[in-house]
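K.L.:
Kindly generate the corresponding structure for this input.
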Amino acid sequence: MRNPWHRSIPTQPHQINRRLKMTHNVSHTPCKTFNVLMKNIYIPLLLLLIAISPSQFLQASDPATQVAPHGRVTRIFWQDRSDDSLKWADLFEGPQWRVQPEGVSGFPKLDVEKQDLVQMEALDGILLVGVRDQEKGEYQSGWVAVDTGVREVPHGNHSDWQYVSSPLVQKSQLDKDQGNPAHLYVYDEKFFLANDQKNGFTRLTPEGLKSSNQSSQFFTGGGNHITMAAVDNAVCYSTWIDGGGPNQGRVDVVNLQKPTADSIAYTFNLPTGVIHGATENSGRVFFAPADGVCWVDADLQTQQTADSVKVHHISLGKDKESEKPMRTGAFVNHRNWVMFTTGNADSSAFCLIDAQAAEPKVFKVPIDVTDGLSLVTPSIIKTRSAKRYAFVFQDCKEGDIEEKLTIIDLDPNRDRHFADARVVTTMTVGASKIEGHHGHHSICFDPDGRFACFTNPGDGTLTVVSLSDLRAKMVLQVGGTPAAIVCTGGGAHH
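P.N.:
Sure thing, here's the model as predicted:
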C-alpha cells in the first residue's frame, strides 16, 4: 500500500514554491487556505521532525559525539613537536582505520625555540601536560589541564565510555614561578608535578582542576631534576639528581599530612647519586641511581631518621665494554612487579623485580639489540584476553638504523609470576626523531585492551597494533612530529 503522505511531502525548493503558489491561487476562505497548508505542508514536516531523535540534533552539533559505522576505539592525544602543540583525534576502526587530527581548543601557543612539552598523564577525565622552558623556568613554564571530553561509566567488571564533547583547556598555569617541571606522576589518584628549580613538587587533584577554585599544594623536597614516589597519600620520597657534593644520592622524605612549610621529615642518601627514577610498589620505594637499583621500606608515619633507614641495593651487573655498573632511568609497575630496561648492545635486557619478595632480586630477559639502538622505558598492558605484555622500543639516537619494537610475554603460563617472561616478537617501526629527552617513540593502549597505538615521530605517523595477534593493522598519516601519546576512553558495551 502506497504511503498516503508520499506525494504530499515537498522536498525540493521548486516543489515547495509550486505548492505555495497553488495554495495562494485557490479561491478559498482564509480558514480553508490554512487547512490546505496544514494538510499539505506543515503536518508532513512536523511528522518528519518528530521522526528525528533529539540525540541526532545533539550529535550534529559536535563531531566528537558522533559514532562512526564501524565504531570508535578510543580517543588519543599526542604532542606534536613540530610546533609544540597538543593534537587529538578519535580513532575509528573499520576496513580503513581513520583519525582526523585537530588541535585542542584553548591550548596555549608555545615558543618552539624557548619551550617544550614534557610528560603528560590522564586521570578522571583530565589530561595534565607539563611545560618546560629553556631558561630554567625564567620564561614561561608550568602546566596545562585539558578536559578530555570523555567520561567513564563503571558497569561492574567493565566500563562504558561517554564522549560528551571535544577536548578543551580547563585551566593552565604558565609563568616564571612554576620551577620548570620535567617529571609528572600519578599516585593515589592525584597528580604529582616536579618543580625542579623550586626544589619541590606540586600535588594536584582532578576535582580541583575541574572546579573554579585552585586546590594545588606545593611541598618542598627534592632538587634540580626531581623524581618522586608517593605512598598512600601519606609520604613522598623526592630525589636529587646531583652526582657529587652534599646532595649526591639525596632523598627527601616528605610528610604529605603536614603543612607544606614543614613537610620534610628527614633526609637520607643512597650509595651513589645521579638518581633518575623512583616508584612505589607493595609498600616499598625503589630508586634508580648510577649503580643498579636501591629500595627502602616505605615509612608511612615518617618515624625513621637518616641513621635508622635501611637502604637495600640490587646490582644489575657491569657493562661488558665499559665495565661500569649498569643502571636504569625509569620504572613502570604491574601488580607486584617493578619493571625497567638496562644496558646497551649485547648487555641489553628487560628487567623485573618482585616487590613483594622477602629479598627482592632482579630477573632479566635478554634482548637482542643492534649496535646504535637502545632500549626505552617499557609500557605494560593486560589485554582483553588477559594476556600481559611489555612493549619496549629500540630507538636510534643518530643515523639511519632501522628501529624496532620488542614485545615480551610477561606470563606465558598465566600463573601471575613473571619469572618466565620471554620475548615473543620484534617488529620494525617507523623512525623516531630524538633531540635530548624528546622525540622517542611512545605508545598507549585503549582501556578495553584490544589495540595499541604508537607514534613514529620521524615519519609523522601513528601505527595501530592488534593486541590479539600482535600485528600492525594500519599506519595513519597525521603529519608533524607526533611524540608522547595518551589514550583515554574505550568502546561502548551496551
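K.L.:
in the stretch 351-494 of the chain, what spans have low per-residue confidence?
P.N.:
Applying pLDDT under 70 to the stretch 351-494 of the chain flags residues 492-494.
K.L.:
the strands in it, which residues?
P.N.:
Secondary structure of the stretch 351-494 of the chain (DSSP state E, counting those that start in this stretch): strands at 362-366, 373-375, 379-382, 388-396, 404-409, 422-428, 443-445, 451-456, 461-466, 472-477, 482-488.
K.L.:
Who are the contact partners of the most centrally placed residue in the chain?
P.N.:
Centroid-nearest residue in the chain: V486, 3.1 Å away (criterion: CA atoms, centre = their mean). If you count contacts by CB atoms under 8 Å, 6 or more residues apart in numbering, V486 has them with 76-78, 120-122, 127, 444. Backbone N, C-alpha and C define where each C-beta goes, glycine included.
K.L.:
try 6 Å this time
P.N.:
Taking CB atoms under 6 Å, 6 or more residues apart in numbering as the criterion, V486 is in contact with 77, 120, 122, 444.
K.L.:
what's the span of stretch 104-116 from first residue to last?
P.N.:
16 Å (CA to CA, to the nearest Å).
K.L.:
Give the buried residues for that stretch.
P.N.:
104, 107-108, 110, 115-116 (16 or more other CB atoms under 10 Å).
K.L.:
picking that back up, and among the strands of the stretch 351-494 of the chain, the most buried is which?
P.N.:
Most buried of those, by mean neighbour count (mean count of other CB atoms under 10 Å): strand 451-456, with a mean of 26.
K.L.:
And it, what does it pack against?
P.N.:
strand 72-80, strand 443-445, strand 461-466, strand 482-488 (3 or more CB pairs under 6 Å, 6 or more residues apart in numbering; DSSP states H and E).
K.L.:
That one versus strand 472-477: what angle between them?
P.N.:
For strand 451-456 against strand 472-477, the angle by axes from the mean of the first three to the mean of the last three CA atoms, to 10 degrees is 40 degrees.
K.L.:
Run through the helices of the stretch 101-250 of the chain in chain order.
P.N.:
Ranges of helices within the stretch 101-250 of the chain are 206-210, based on DSSP state H, counting those that start in this stretch.
K.L.:
one step back: any chance of the strands of the stretch 351-494 of the chain in TSV with distance to R327 as columns?
P.N.:
Output for these, formatted as TSV (distance: least, CB to CB, whole Å):
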stretch	distance to R327
strand 362-366	12
strand 373-375	12
strand 379-382	20
strand 388-396	17
strand 404-409	20
strand 422-428	22
strand 443-445	23
strand 451-456	25
strand 461-466	30
strand 472-477	32
strand 482-488	23
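K.L.:
Tell me the one of the contacts of V486 nearest P271?
P.N.:
The closest of the contacts of V486 to P271 turns out to be M120 (CB to CB; 32.9 Å).
K.L.:
quick one: that closest one and N180, what's the gap?
P.N.:
To N180, M120 is 16 Å away according to CB to CB, to the nearest Å.
K.L.:
So which of the two has more stuff around it?
P.N.:
Taking other CB atoms under 10 Å, M120 and N180 do not tie; N180 has more neighbours (24 against 21).
K.L.:
Quick check, pLDDT for the closest residue to G317 other than its chain neighbours.
P.N.:
In space, and not counting its chain neighbours, G317 is closest to M326: 5.3 Å by CB to CB, 6 or more residues apart in numbering. pLDDT, M326: 97.
K.L.:
I'd like to know which of the helices and strands packed on strand 451-456 lies nearest to V285.
P.N.:
With CB to CB as the measure, strand 482-488 is the member of the helices and strands packed on strand 451-456 nearest V285 (25.4 Å).
K.L.:
Now do that closest one against strand 451-456, angle only.
P.N.:
160 degrees.
K.L.:
Give the pairing partners of strand 482-488; include direction for each.
P.N.:
When pairing is defined by DSSP bridges, strand 482-488 lines up against strand 72-80 (antiparallel).
K.L.:
same question for the strand it pairs with, mean pLDDT?
P.N.:
Across strand 72-80, pLDDT averages out at 97.
K.L.:
can you give me the angle that strand makes with strand 461-466?
P.N.:
Using the same axes, to 10 degrees: strand 72-80 against strand 461-466 is 150 degrees.
K.L.:
What is the neighbour count of G399?
P.N.:
There are 7 residues near G399, going by other CB under 10 Å.
K.L.:
Could you measure from it over to G458?
P.N.:
For G399, the distance to G458 - CB to CB - is 12 Å.
K.L.:
again with Q248
P.N.:
Noted for Q248: a distance of 37 Å to G458, by CB to CB.
K.L.:
residue ranges for the strands of the stretch 1-150 of the chain, please.
P.N.:
With DSSP E, counting those that start in this stretch as the criterion, the stretch 1-150 of the chain has strands at 72-80, 85-92, 102-103, 115-123, 126-133, 141-147, 150-155.
K.L.:
Adjacent strands (with direction) for the shortest one?
P.N.:
This points to strand 102-103. As assigned by DSSP bridges, strand 102-103 forms pairs with strand 85-92 (antiparallel).
K.L.:
Not counting the partner strand itself, show me its contacts.
P.N.:
Applying CB under 6 Å, 6+ apart, the contact partners of strand 85-92 are 68, 72-78, 80, 98-104, 107, 167.
K.L.:
CA atoms only for that strand, dumped as PDB, please.
P.N.:
Written as PDB, here are the backbone C-alpha positions of strand 85-92 (Å, rounded to 0.1, in the frame of the first residue of the first chain):
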ATOM      1  CA  SER A  85      51.000  21.800  20.100                       C
ATOM      2  CA  LEU A  86      48.700  19.200  21.600                       C
ATOM      3  CA  LYS A  87      46.700  17.300  19.000                       C
ATOM      4  CA  TRP A  88      43.700  14.900  19.400                       C
ATOM      5  CA  ALA A  89      41.600  12.600  17.400                       C
ATOM      6  CA  ASP A  90      39.100   9.800  17.900                       C
ATOM      7  CA  LEU A  91      40.400   6.500  16.500                       C
ATOM      8  CA  PHE A  92      37.800   4.600  14.400                       C
END
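K.L.:
Just grab the bridge partners of N255 for me.
P.N.:
N255 forms beta bridges with V235, as assigned by DSSP bridges.
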